[in-house]
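Novice: Quick one, what's the 3D model for this:
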Amino acid sequence: MDKQTQTEIEAAAFRRLVEHLRTRPDVQNLDLMNLAGFCRNCLSNWFQEAAKDVGIDVTRDAARERVYGMPYEEWKAKHQTEAPAEKLAAFQQHKH
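Specialist: All right, here's what the predicted structure looks like:
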């Protein structure tokens, strides 16, 4: 597989992951962090860092909007729920 094809496939897989997460707002970022060690915010940070690596300035808000499909504050207001104490404790235990 040539490098361009690999990049196109990886980009398509990333877009599919983002779209999947957009269709599952019931899955909280804390759930993702506790189970997988990353969340939507991590993806947006990685997007922002990758853009910076190629000389493109992407703001934190713009990167989050690309992942969430809407402004982050709007997503939080619509979908974020209060985190149960046991999930917060699990996050603190696995946080590094």
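
Novice: roughly how far apart are Glu49 and Gly37?
Specialist: Glu49 is 17 Å from Gly37, where distance means C-beta to C-beta, to the nearest Å. C-beta here means a position set from N, CA and C on the backbone, and glycine is covered the same way.

Novice: And for Leu88?
Specialist: 16 Å.

Novice: Same question for Ala51.
Specialist: Distance from Ala51 to Gly37, by C-beta to C-beta: 22 Å.

Novice: Ok, Ala11 next?
Specialist: 22 Å.

Novice: can you give me the helices for the protein?
Specialist: 3-22, 29-36, 40-53, 60-68, 72-79, 85-94 (DSSP state H).

Novice: Need the winner for burial among those helices.
Specialist: Highest mean neighbour count of the helices of the chain: helix 60-68, a mean of 18 (counted as mean count of other C-beta atoms under 10 Å).

Novice: which residues does the residue at minimal distance from the centre of the chain contact?
Specialist: Closest residue to the average C-alpha location of the chain: Arg40 at 1.9 Å, with C-alpha atoms, centre = their mean. If a contact means C-beta atoms under 8 Å, 6 or more residues apart in numbering, then Arg40 has Leu21, Asn29, Leu32, Arg64, Val67, Tyr68 as its contacts.

Novice: my read: the fourth one touches Leu43, true?
Specialist: No. Counting by C-beta atoms under 8 Å, Leu43 is not a contact partner of Arg64; they are 9.1 Å apart.

Novice: and Ala85, how far is that from Gln92?
Specialist: Where Gln92 is concerned, Ala85 sits at a distance of 10 Å (C-beta to C-beta).

Novice: Oh, that last question was meant for Trp46, not what I typed.
Specialist: On the measure of C-beta to C-beta, Trp46 and Gln92 end up 23 Å apart.

Novice: for this structure, which spans come out with low pLDDT?
Specialist: The chain contains residues with pLDDT under 70 at 96.

Novice: let's see 50
Specialist: Across the chain, nothing is flagged by pLDDT under 50.

Novice: tell me the contacts of Gly37?
Specialist: His94.

Novice: Could I get the phi/psi values of it?
Specialist: phi 80, psi 10 (degrees, to the nearest 10).
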